[in-house]
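Asker: Structure, please.
(one chain, ligands or ions: 1)
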Amino acid sequence: MTYLAVPIAAQNLDRARRQIKAALEAGAEILELRTDYLENLTIDSVKNLIAEAKNAAHQPLPIIVTCRDGKQGGARAYPEQLRNEILAEAVRAGCDFIDCEYDNFLSTELQEKIKAALADRSKTRLILSAHDFKSRFEDVNGLYQDILTVCPTAIPKLIYTANHINDCFEAFDLLRNTSGERIVFCMGAAGLVSRIIAKKLDSFVTFASINAEAATAPGQLTIEQLKGLYRCDSIDSDTELFGVIADPVGHSLSPAIHNACFDDKGMNKLYLPLLVEGGRTEFDEFLDNIILREWLSFKGFSVTIPHKQNALDFVKAKDGFIEPLAEKIGAVNTLVVGSGGKLSAYNTDYAAALDAITSTMGITRADLKDLPVAIIGAGGVSRAIVAGLTDAGAKIKIYNRTIKRGEKLAAEFSCDFAPLDDLPNVETKLLINCTSIGMYPNIEATPFPQAGLKKDMLVFDTVYNPAETLLLKQAKQAGAKTIDGLSMFINQALAQFKLFTNTDGNAKLMRKTICDCLSKG
Ligand code: NAP
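Answerer: Below you'll find the model as predicted:
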């Protein structure tokens, strides 16, 4: 059983009351009263706070009382003597758990005080916590054992900072190799995933805040994120994991759309944002960590900037399956993990673009043969579309700002090349923007002169934020047919969903989810 604990971190009773109400409404399963946030901390103010929390809940809700030491993340530097009194009094006031720093508990005086209070009220449990706000513990397993040696009935709580996602695996292993009540996860952006899968790995508690401003530790998620986006109520030890490997990853819409589709189909699957910083070495280490731990049940990944080539190289080195055109593109955006950690690699970008084009034109891929196409841009997306269209026999001319880059791509796929200055003279049936021009926030920009847009053209903008770019608005005004970047984005996500689950995703739900996310900003 993993409880969702919500910290109440308020300067005074009034604010605490509002936070408690919000936490209960949002579905808190434990309230953690962070008494170190109170101004003018006294034993009476803590007793009042406990009473407030007890009265607010319609049914008994477990309460943790914490008076965190300033050295371990406490909000205010209250004297040790007072903090110790507070914990002992919290036991007497009937709270369910007290959280005491393990380091402090080693002092005989405090240990005796707390043990005496607990002896009078056996229902209250002791959480012995250790934090590292800078990095991993030197020996997390040793620390876990030490805590249980000093107090076998305590709930060990070990929280450390992950400076890279690869630092999280030690926490996962500790949860995997132990049982009973223990709380283990990582702080920081790189540790976020450990907070989300705490329930799958049976950590006794995971923490979430009422809102982003009320977070009491780096990387803490909000209740809304944990329950909504990351479906924490549906997670259990059998949940299969998926995720997007990227850096940065915070802006990715993939968790929202895949989780919405898993939810829609009632699937016990969860899609995570996986921040993999660094280059090939760190990427390889991450996937090696995953493959070593089949029990984590990672079944598939979306891969994006900057790891699309790293993913291809990794699968090659492991002798996995690579979709032939993905190898030609030199980048993969989808990995499927088979039994024994066997990997298959695909690129769903080119097929997504081709499907969007053929369905809008009402033709088959075979009909793309000899179709004149002008492509602006020579980056990753351009490369995937150029490879797909070349494979289908289209006649492509690439236009790019950096001439060398454009010429190189054109030569590789036997296409024509021209600099951006030539765009006003373009004669084409299909115009595709593969640059970021027109993307939010630069929505007044367009890569193509308005006068060159004709009504017999199909104009495809791969930019999907906003869904209707200035280029597409002007193309519509000229009477041209258009394809927005969302269609391509949704097609590639649908193809990934199919590879991940062997079933069709819900395209309408994906579009709605993306539009909702983009409108929230
Ligand atoms: P990339 O590899 O960084 O390539 C960017 C391309 O845009 C390059 O050709 C670059 O030209 C050009 N460019 C950027 N700013 C420019 C400017 N101010 N003036 C002229 N050219 C400029 O990026 P990518 O991965 O190919 O992504 C490109 C765009 O595709 C993204 O911005 C995104 O909106 C869109 N996208 C769509 C999907 C989808 O599914 N719909 C998926 C991924 C990306 P240089 O070579 O001269 O630098």
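
Asker: what about the residue of the chain found nearest the ligand, neighbour count?
Answerer: Nearest to the ligand in the chain, going by Cβ to the nearest ligand atom, is residue 379, at a distance of 1.9 Å. No exception for glycine: its C-beta is placed from N, CA and C like everyone else's. Summarising burial for residue 379: neighbours were counted as other Cβ atoms under 10 Å, giving 15.

Asker: now swap in residue 185 and tell me
Answerer: For residue 185, the count of nearby residues is 29 (other Cβ under 10 Å).

Asker: Ok, residue 270 next?
Answerer: The burial count for residue 270: 25, using other Cβ under 10 Å.

Asker: what's the nearest residue to it if we skip its chain neighbours?
Answerer: Distance criterion Cβ to Cβ, 6 or more residues apart in numbering; nearest residue to residue 270, sequence neighbours excluded, is residue 239 at 5.2 Å.

Asker: Identify the residues contacting the residue of the chain closest to the ligand.
Answerer: 405, 434-435 (Cβ atoms under 8 Å, 6 or more residues apart in numbering).

Asker: Which of the residues you listed has the largest number of neighbours?
Answerer: In the contacts of residue 379, the most neighbours by other Cβ under 10 Å go to residue 434, 27 neighbours.

Asker: if we can go back for a sec, how about the contacts of residue 379 in JSON lines, adding secondary structure and pLDDT?
Answerer: Listed next are those as JSON lines, based on DSSP: H, G, I helix; E, B strand; the rest coil; pLDDT from 0 to 100:
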{"residue": "405", "secondary structure": "helix", "pLDDT": "97"}
{"residue": "434", "secondary structure": "coil", "pLDDT": "97"}
{"residue": "435", "secondary structure": "coil", "pLDDT": "97"}
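
Asker: from these, which are also near the ligand?
Answerer: When contact is defined as Cβ under 6 Å from any ligand atom, the contacts of residue 379 meet the ligand at 405, 434-435.

Asker: Up against the ligand, what does this structure have?
Answerer: 377-382, 400-402, 405, 434-437, 439, 462-464, 485, 488-489, 492.

Asker: ok, of the residues you listed, which come out buried?
Answerer: Among those, those buried by neighbour count (16 or more other Cβ atoms under 10 Å) are 377-378, 380-382, 400, 405, 434-437, 439, 462-464, 485, 488-489, 492.

Asker: the strands in the stretch 301-450 of the chain, which residues?
Answerer: With DSSP state E, counting those that start in this stretch as the criterion, the stretch 301-450 of the chain has strands at 321-322, 334-337, 343-346, 372-376, 395-400, 416-419, 430-433.

Asker: which of those sits most buried?
Answerer: Mean neighbour count (mean count of other Cβ atoms under 10 Å) peaks for strand 430-433 among the strands of the stretch 301-450 of the chain, with a mean of 26.

Asker: how far does that strand sit from the chain's center?
Answerer: 32 Å (Cα atoms, centre = their mean, to the nearest Å).

Asker: immediately after that strand, which helix or strand?
Answerer: Remark: after strand 430-433, the chain's next helix or strand is strand 458-461, criterion DSSP states H and E.

Asker: Can you name the element that comes right after that next one?
Answerer: helix 470-477.

Asker: about what we covered before: wait, which of the strands of the stretch 301-450 of the chain is closest to residue 229?
Answerer: Nearest to residue 229, of all the strands of the stretch 301-450 of the chain, is strand 334-337, at 21.1 Å by Cβ to Cβ.
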